[in-house]
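1. requesting a structural model of the entry that follows:
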Amino acid sequence: MTQKRLLSLFAALASLFATNVFAQEQPTAAAEPAPIKLMAWNLEHFVDPFDDPYIAAQKEDDPDPKSDSVLRLLTEAMRRVDPDVLVTSEVESDRALKLFLDSYLPGNKYQYYACLPAKEWYQNVVVASKFPIGEIISFREAEIYNEMSKQTRNDVNSRLMAVDIKLGEGYQFTLYATHLKAGAEPEDYIWRERQTDLLKADIDQRMKENPNTNIIVMGDLNYTPKDKEYPYFMESGATKLVDAFAKQGYPATHPSTGPRRDIDHIFLNEGMMKEVVPDSATVALPLCMDEMATITDHLPVVISITPHDK
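-> Just a heads-up that it's a prediction; the model follows:
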């Protein structure tokens, strides 16, 4: 073999070796995780057809569930929005919500539920999720004191719940499903502030234990950004939260017959904000306004996140 041919062969082998090494060393671009959509919706006196003997309330003792036509409208709204995680309030129980979903949305993927119902009342918060639920923390037995009315109570706190949602690949976030006390009396404002104290203390503790915790608070908080409870919620505690609707001018959600009060909220900590899909926080209107008002007196709020830490 001539020296020229030998050099050509070495050059070809070197080129092939370099090409293979280069191909092997190139990292494979990881696929972007699919966004996860969350929706919070007050379903207004959502009860099942059965009387719970442990609850003494007229609307539950003599059950008056929503009619078939209304449930079909709710079904169509759910189908169009298609949330992966659903946060509901004023719902009798997780079993009542599951009965509806299984009856009207057969084959749905909501396999996981969270609820700790009030001992003596029928309006609760219920979470339905297509993704596994981990730890569930209820504030049902936590007592709060109202310095104005000189009362201590815990019956309003069953509608506060922290739920860990697990999305795989080691990613999870803590969802605070929230329905604060209603009412416009002076002491009602204090009750909402004391409920806020419970929430913010738990959030602060979680962040202290793990600064990388992802936090989202969703639900009917029964106050607007113009009410004094709003700055109290935003400024109290050590953890800074961001209002997902701040840049949009706080869209109104209540009453659905003519929305004028922005009382359904989405708050996130700074870590969770990094995963929010841009411009995904909104008031959902999957049906016309008349149909939405037929379902319940609130409009739902939605947001989407990309489930990986950024």
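2. mind listing what Leu71 touches?
-> Counting by C-beta atoms under 8 Å, 6 or more residues apart in numbering, Leu71 touches Pro65, Phe100, Tyr104. Placement of C-beta: from N, CA and C, glycine included.
3. next: Pro132.
-> Contact partners of Pro132, counting by C-beta under 8 Å, 6+ apart, are Tyr112, Ile165, Lys166.
4. Met161 now?
-> Ala114, Cys115, Leu116, Val125, Val127, Ile136, Ile137, Ser138, Phe139, Tyr176, Ala177, Thr178.
5. which residue packs closest to it, ignoring adjacent ones?
-> Ala177 (4.7 Å; C-beta to C-beta, 6 or more residues apart in numbering).
6. please apply the same query to Asp227.
-> Tyr189 (7.5 Å).
7. let me see the residues that make contact with the one helix or strand the one you found maps to.
-> Assigned by DSSP states H and E, Tyr189 belongs to helix 186-209. Helix 186-209 has contacts (C-beta under 8 Å, 6+ apart) with 137, 139, 142, 144-149, 151, 156-157, 160, 162, 174, 176, 178, 180-183, 213, 215, 217, 221-223, 227-229, 232-233, 236-239, 241, 269.
8. state the mean pLDDT of that helix.
-> For helix 186-209, mean pLDDT rounds to 97.
9. name the residues of it that are buried.
-> If you call a residue buried by 16 or more other C-beta atoms under 10 Å, then helix 186-209 has these buried ones: 188-200, 202-203, 206-207.
10. so what secondary structure elements neighbour the longest strand anywhere in the chain?
-> When the chain is scanned for its longest strand (criterion: DSSP state E), the result is strand 36-46. If you count contacts as 3 or more C-beta pairs under 8 Å, 6 or more residues apart in numbering; DSSP states H and E, strand 36-46 packs onto helix 68-81, strand 85-91, helix 94-104, strand 171-179, strand 215-220, strand 264-269, strand 301-305.
11. same thing but 7 Å
-> For strand 36-46, the contact count by 3 or more C-beta pairs under 7 Å, 6 or more residues apart in numbering; DSSP states H and E identifies strand 85-91, strand 215-220, strand 301-305 as packing neighbours.
12. quick one: contacts for Trp121?
-> By C-beta atoms under 7 Å, 6 or more residues apart in numbering, the contact set of Trp121 is Ile55, Ala57, Asp155.
13. ok, it to Phe139 distance?
-> Look at Trp121 and Phe139: by C-beta to C-beta, to the nearest Å, they are 14 Å apart.
14. what of Glu32?
-> Taking C-beta to C-beta, one finds Glu32 at 36 Å from Phe139.
15. the two: which is more packed in?
-> Under the neighbour definition other C-beta atoms under 10 Å, Glu32 and Phe139 were set side by side, and Phe139 has more, 22 against 8.
16. can I assume that one is in contact with Leu160?
-> Yes: between Phe139 and Leu160 a contact is recorded at 4.1 Å, counting by C-beta atoms under 7 Å.
17. quick one: which of the contacts of Leu71 has the most company?
-> When neighbours are counted by other C-beta under 10 Å, Phe100 leads the contacts of Leu71 with 22 neighbours.
18. for that residue, what are its contacts?
-> Residues in contact with Phe100 (C-beta under 7 Å, 6+ apart) are Leu71.
19. let's see it at 10 Å
-> Neighbour list for Phe100: Leu43, Phe46, Asp48, Pro65, Lys66, Leu71, Leu74, Thr75, Met78, Thr88, Val91, Ala128 [criterion: C-beta atoms under 10 Å, 6 or more residues apart in numbering].
20. which non-adjacent residue is nearest the third one?
-> Put plainly, it is Asp48. In space, Asp48 is closest to Ala96, 4.0 Å off (C-beta to C-beta, 6+ apart).
21. give the pairing partners of the one helix or strand Met161 maps to; include direction for each.
-> Using DSSP H and E, Met161 falls within strand 160-168. Note on strand 160-168: by DSSP bridges, its sheet partners are strand 133-138 (antiparallel), strand 171-179 (antiparallel).
22. buried deepest among those, which one?
-> strand 171-179 (a mean of 23; mean count of other C-beta atoms under 10 Å).
23. now the common contact residues for Phe139 and Leu160.
-> Jointly contacting Phe139 and Leu160 under the rule C-beta under 10 Å, 6+ apart are Leu116, Tyr176, Thr178, Gln195, Leu198, Leu199, Asp202.
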